[in-house]
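sequence below, structure please.
(4 chains)
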2 protein chains.
Amino acid sequence: MTELDVDRLTTVIEDFNTIFIRLPGVRRLNFSALSVLHTLDRGGPLRLTDLLATEQLKQPALTSLVAKLEQDGLLERRADPTDGRASLISLTAAGAEIVSSRHAHRVGKLAHLVDQLTPDERAVLANSVDVLHRLTQISREETP
Amino acid sequence: MTELDVDRLTTVIEDFNTIFIRLPGVRRLNFSALSVLHTLDRGGPLRLTDLLATEQLKQPALTSLVAKLEQDGLLERRADPTDGRASLISLTAAGAEIVSSRHAHRVGKLAHLVDQLTPDERAVLANSVDVLHRLTQISREETP
DNA sequence: ATCATATACATCGAAATTTGATATAGTTCC
DNA sequence: GGAACTATATCAAATTTCGATGTATATGAT
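Prediction:
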């Protein structure tokens, strides 16, 4: 049984990400904006503070980014019924469309690469999907 | 044999990356700067134009970013002996240190998560490393 | 050789983004 | 009801990025 080399795994993922992440820009949205849209797409409605935990931004920067994305019609804010101070932020259909179109772009790119693998290699990849998913879950359980 | 679902693989990697990429900031370096350092760390000395191909920036923005990183002592430029117009950009020891410290941070984080997997799951991951590496190579061969 | 054209990079000013400090409004607990 | 805390907003300054354009070097056709 092969021993797992975490250092090499890390390097390989870092390099893989240079082709996975860098997509042509969409609609003048920078990395911060896209990250916010992605987080909202995954997490349902979130308060500003919860978004803040995930994003690499200070609160005032996030406030103005959210305001801008709201103006662009990509997300919407409504009052939090439980807490008068807070607002709940969620994607609009247009916002979700951007996330899913970027996802589709990646799927296309990846499908093209995967096509060039041997059936055995594809099977190895298929097996790793659930493990990768587990890793993400474990990490989330630790940082709730 | 399991069939590979590329759509799901894409989603899983996207989500995994939310924990893999987002690290606490270093030395006021933003995403663009870190990406440049990473690319240089991998690719040896590069001309500005070659860097441009990898990074999501326009040339004037990259010129000023490189100038700033040079001032910070993280990279250095020397004249290209083959081409009087160009300069060759490479990391200094300090620049390489930043890349490797971020790498070490990721290794630590990942090692901690991997520890919580079963031996079988670790083996699956170990097998996938070479396949993931192949995917990256295939992509690079297509976009030289 | 010479001139036209292409390439590599720099410079400049404007627009957009992010930050730190601070303000405001709502909530909780005693 | 008031102190302490939390969620978000505002504002000016610093940083980043961009589009347009300039300068120097290289290349290719004549």
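
output the contacting helices and strands for the helix or strand hosting A:Thr39.
Taking DSSP states H and E as the criterion, A:Thr39 maps to helix A:31-43. For helix A:31-43, the contact count by 3 or more Cβ pairs under 8 Å, 6 or more residues apart in numbering or on different chains; DSSP states H and E identifies helix A:48-54, helix A:59-71, strand A:75-79, strand A:87-91, helix A:93-114, helix B:6-20 as packing neighbours. For the C-beta atoms, the positions are set from N, CA and C on the backbone; glycine is no exception.

ok, now with 7 Å
helix A:48-54, helix A:59-71, strand A:87-91, helix A:93-114 (3 or more Cβ pairs under 7 Å, 6 or more residues apart in numbering or on different chains; DSSP states H and E).

can you tell me which of those is nearest to DNA strand C?
Nearest to DNA strand C among those is helix A:59-71 (3.0 Å), distances taken as Cβ to the nearest atom of the strand.

do that closest one and DNA strand D meet?
Yes - Helix A:59-71 lies within reach of DNA strand D by Cβ under 7 Å from any atom of the strand, at A:59-60, A:63-64, A:66-67.

could you check that helix and say which residues are buried?
A:62, A:65-66, A:69 (16 or more other Cβ atoms under 10 Å in any protein chain shown).

picking up where we left off before, buried deepest among the helices and strands packed on helix A:31-43, which one?
Each of those was scored by mean neighbour count; the highest is strand A:87-91, a mean of 20, by mean count of other Cβ atoms under 10 Å in any protein chain shown.

that one near DNA strand D anywhere?
Yes - for strand A:87-91 and DNA strand D, the contact criterion (Cβ under 7 Å from any atom of the strand) is met by A:Ser87.

residues from chain A in reach of DNA strand D?
A:25, A:30, A:47-49, A:59-60, A:63-64, A:66-67, A:77, A:80, A:83, A:85-87.

tell me which element A:Arg22 is part of?
Counting by DSSP H and E, A:Arg22 is part of no helix or strand.

so the closest residue to it other than its chain neighbours, which state does it fall into?
Taking Cβ to Cβ, 6 or more residues apart in numbering or on different chains, and ignoring the residues beside it in sequence, A:Arg22 has B:Gln56 as its nearest neighbour in space, at 5.9 Å. Look at B:Gln56: counting by DSSP: H, G, I helix; E, B strand; the rest coil, its state is coil.

thank you kindly, that will do.
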